[in-house]
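A.B. asks: Coordinates for the following, if possible.
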Amino acid sequence: METVERGWDDFWAVIFRVKHRRSIPGIREYDRMVVEFCIEVLGLKEGDELLDIACGAGDHSILFAKHGLKVSAFDIAESLIRVAIEQAEQEGLDINFYKGDMREINFVQRFKGAVMLSHSFGFFNHEEHNRVLEGAYNALLDGGRLLLDLMNPYSLPRFQRTWTKLEGGYLLSEPHVMDAPAGILRGRPATFIDVEAGRIVLANEDALSNNDIRMYTALEIRDMLEDVGFKRVEFYGANKLPRTPYTATSERMVVVATR
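C.D. replies: Okay, here's the model as predicted:
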């Protein structure tokens, strides 16, 4: 079979964030659970404006809109935004989807709430992460809240090498590895066996460039959020109701910061 390399936006974004995500058992119920948790914890009501940062293919944005929220949502991958717009149109929903970079959020005091779900925070360097938080702070109204849904650095999932049958072929995912001294979860290249096209697809340099995730502790995140101006920072141990306290053994580290 022919071997080719493809970038994040032109191939891998749709493979991981659309095709692979839809193959996860119970993913629809999980999304509903996360959205209901966010609405309660952020204190959102019908008609409030919400910013969905790194929205992927818009699965959560669509559910937020169905709850009566006015949603603006962006992702760096144009391919995912196209899928999100198509899904919203099929549902008859008016959502402001657009291509954007979380390091360049330029809204000023507009939103009651903002979310970064599915551990979308941590893919850049420390200065850029601070810029992301500063942009989110500036986008919120006074009293508005930002929610970060992160992996718990003290209780990471047991990553395994897996084969997944997807539309058009098979995905081989290699396990992430924790680089403890650096505090970084190192990503590994994936392989897609494209049966329909008769080729093996590998990730190119672009797709691999943001494959690692900086795993901040609660203390580090609190300091970063307070440094950009947030007045109160709370932690929860799961992204579902009822609210649970954050501990070293929690399944998630959910951070809620109030402007």
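
A.B. asks: thought A136 was touching I53?
C.D. replies: Yes. Judged on C-beta atoms under 8 Å, A136 makes contact with I53 at a distance of 6.7 Å. C-beta: built from backbone N, CA, C; applies to glycine.

A.B. asks: where do the contact lists of the two overlap?
C.D. replies: Both A136 and I53 are in contact with I105, A114, M116, where contact means C-beta atoms under 8 Å, 6 or more residues apart in numbering.

A.B. asks: Can you tell me which of these comes closest to H126?
C.D. replies: H126 has its nearest neighbour among the shared contacts of A136 and I53 in M116, at 16.4 Å by C-beta to C-beta.

A.B. asks: got a list of what the closest one touches?
C.D. replies: I53, A54, M102, A136, L146, L147, L148, D149.

A.B. asks: how close does the fourth one get to Y246?
C.D. replies: Relative to Y246, A136 is positioned 20 Å away (criterion: C-beta to C-beta, to the nearest Å).

A.B. asks: Which of these two has more residues huddled nearby?
C.D. replies: A136 (28 against 19; other C-beta atoms under 10 Å).

A.B. asks: would you say that one is within a strand?
C.D. replies: No. Looking at A136 with DSSP: H, G, I helix; E, B strand; the rest coil, it is helix, so not inside a strand.

A.B. asks: Next, count neighbours for A180.
C.D. replies: 9.

A.B. asks: Could you report the pLDDT at the closest residue to R186 other than its chain neighbours?
C.D. replies: Distance criterion C-beta to C-beta, 6 or more residues apart in numbering; nearest residue to R186, sequence neighbours excluded, is V177 at 4.8 Å. pLDDT for V177: 95.

A.B. asks: Look at V177 and say how many residues are nearby.
C.D. replies: 13.

A.B. asks: Which stretches in the stretch 151-259 of the chain count as strands?
C.D. replies: 162-166, 169-173, 177-179, 184-186, 191-194, 199-203, 213-214, 232-236, 252-258 (DSSP state E, counting those that start in this stretch).

A.B. asks: re the thing from before, and the residue nearest to R186, what does it touch?
C.D. replies: Applying C-beta under 8 Å, 6+ apart, the residues near V177 are F159, L185, R186, R188.

A.B. asks: do the same with F97
C.D. replies: C55, G58, S61, A73, F74, I81, A84, I85, A88 are the contacts of F97 under C-beta under 8 Å, 6+ apart.

A.B. asks: Pretty sure the fourth one sits against C55.
C.D. replies: It stands for A73. Yes. Using C-beta under 8 Å, A73 is in contact with C55, at 3.7 Å.

A.B. asks: so what's in contact with the two at the same time?
C.D. replies: Joint contacts of A73 and C55 (C-beta under 8 Å, 6+ apart) are S61, A84, F97.

A.B. asks: Now flag whichever of these is closest to G198.
C.D. replies: Out of these, the member with the shortest distance to G198 (by C-beta to C-beta) is A84, at 30.1 Å.

A.B. asks: before we move on, which element is that closest one in?
C.D. replies: helix 78-91 (DSSP states H and E).

A.B. asks: Packing partners of that helix?
C.D. replies: Under the contact definition 3 or more C-beta pairs under 8 Å, 6 or more residues apart in numbering; DSSP states H and E, helix 78-91 sits against helix 13-14, helix 59-66, strand 70-75, strand 96-99.

A.B. asks: which outside residues touch the helix or strand just after the first one?
C.D. replies: Spelled out, that is helix 13-14. Sequence-wise, the next helix or strand downstream of helix 13-14 (DSSP H and E) is helix 21-22. With C-beta under 8 Å, 6+ apart as the contact definition, helix 21-22 has outside contacts at I27, G56, A57, D59.

A.B. asks: Relative to I200, how far out is the second one?
C.D. replies: It refers to G56. 25 Å.

A.B. asks: of those two, who's got more company?
C.D. replies: Using other C-beta under 10 Å as the criterion, G56 and I200 rank with G56 on top: 23 against 16.

A.B. asks: Skipping its backbone neighbours, what lies nearest the more buried one in space?
C.D. replies: R17 (4.5 Å).
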